[in-house]
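Q: Model the structure of this input:
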Amino acid sequence: MSQEVNVIEVESSKLLNTFITLPFKLYKDDPNWVAPLLIERKEFFNKKKNPFYRGAKTKLFIAMRENEPVGRIATCINYNHNVFHSEHVGFFGFFDCIDDYDVAAKLLKVAMITLKSEGMEKMRGPANFSTNHEVGFLVDGFDSPPVIMNPYNPPYIPKLAEKFGLKKVMDLYAFMMTDELPLSDRILKVVERIKERNKVTIRPLDLSHFDEELKKINYIYNNAWSDNWGFVPMPEEEFYHMGKDLKQIVDPDLVLIAEIDGEPVGFSMALPDMNIVLKKLNGRLFPFGMLKLLWHMKIRRKIDGVRVMTMGVVHKYQKRGIDNVFYVETFNRGTAKGYKWAELSWILETNELMCRAAESLGAKLYKKYRMVEMPL
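A: Numbers count the residues shown, from 1 in each chain. The predicted structure follows:
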């Protein structure tokens, strides 16, 4: 007979530390799990420093058995999401536990009760905490680690959620593209015609005018994605907060802005896959972690891949092939810098245009993430 499971709310810095570090205990023997930087996680959960919390209400919970943490979950009411979509959806996220249905069910039940008590009508997730952050259960592609800012879970986690009654609402695709398959002359000619026909130019991010560039990208992002499933507009303050964090790792040559007649009409961002380095650090930059980080980034050049994580074109210029231009430009600029592969993610399963664009360039679907939900 299993011991009783108690779920407690995180209401102290000590419990917050337990919440943040629990995956280190759960997944330490999983070769594909990548430990997050502890300093970054603590910053993320700091409600005084992270502007996301000004438009959201969150709670964190830990499942305990015999005074040992065996699982965790978070709830989030994202007011920006609910206003934008005119719905009452509450989110769960940061859902990790041992392979035990009793533990999973207790956590999910607490999340349901919490969200329902706040007037929510559906529970959806996982979202850590929104679609602008890490989302989805990994359901296909467990044979390799996740790339930067994508989640990871062992196969049993989504099975436990499904047993509880959560149903698929949307799959998110990740495509893999390598330098082993050069772009065909046909694709290159098509892209040149698209550029000529639309009089579009592509330029890299100008770090010397970073704040101005962020303002342009923020506008494009909120305009381009506004019709996408699950999209949540990012307020300027939240966008700047995330942008300044990413500035530390961004390769400006792979953040591209499309302009027509001097007007910014689209952008694409590919980030070096820092997970290759983070895997070596086990969550800690100090006392020697920073030296390891610099060693891998600058000396050994271990980072050989990127994640094309965001791409958007304003409504006025959509369906003109500018997304193909971004893919080709990223491929050419990336391979010229020595990058050997790129993950294109995530792309909604319903976004046939973007899926076809990825496949036309030789990219292969290799991972699937799943969003699930249930009525409350």
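
Q: For the stretch 101-250 of the chain, which residues score under the pLDDT cut-off?
A: Counting by pLDDT under 70, the stretch 101-250 of the chain shows low-confidence ranges at 181.

Q: same thing but 80
A: Across the stretch 101-250 of the chain, the ranges flagged by pLDDT under 80 are 180-184.

Q: most residues in a single helix of this protein, which one?
A: Secondary structure of the chain per DSSP state H: the longest helix is helix 101-117.

Q: Now it: buried residues?
A: By 16 or more other Cβ atoms under 10 Å, the buried positions in helix 101-117 come out as 102-108, 110-112, 114-115. Heads up, the C-betas are built off the backbone N, CA and C, glycines and all.

Q: And stretch 150-162, by the same measure?
A: Using 16+ other Cβ under 10 Å as the test for burial, stretch 150-162 gives 150-154, 157-158, 160-161.

Q: same check, this time on stretch 157-177
A: If you call a residue buried by 16+ other Cβ under 10 Å, then stretch 157-177 has these buried ones: 157-158, 160-161, 164, 166, 170-177.

Q: now swap in stretch 204-216 and tell me
A: Counting neighbours by 16+ other Cβ under 10 Å, one finds that the buried residues in stretch 204-216 are 205, 210, 213-216.

Q: Export those as JSON lines, with columns for secondary structure.
A: Listed next are those as JSON lines, based on DSSP: H, G, I helix; E, B strand; the rest coil:
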{"residue": "L205", "secondary structure": "coil"}
{"residue": "F210", "secondary structure": "helix"}
{"residue": "E213", "secondary structure": "helix"}
{"residue": "L214", "secondary structure": "helix"}
{"residue": "K215", "secondary structure": "helix"}
{"residue": "K216", "secondary structure": "helix"}
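
Q: Which helix or strand lies directly C-terminal to the strand or helix carrying A174?
A: Assigned by DSSP states H and E, A174 belongs to strand 167-178. Scanning forward in sequence from strand 167-178 by DSSP H and E, the next helix or strand is helix 185-198.

Q: how close does F95 get to P69?
A: The spacing between F95 and P69, counted by Cβ to Cβ, to the nearest Å, is 14 Å.

Q: To clarify, my last question referred to P146.
A: 23 Å.

Q: which of the two has more neighbours?
A: Taking other Cβ atoms under 10 Å, P146 and P69 do not tie; P146 has more neighbours (23 against 20).
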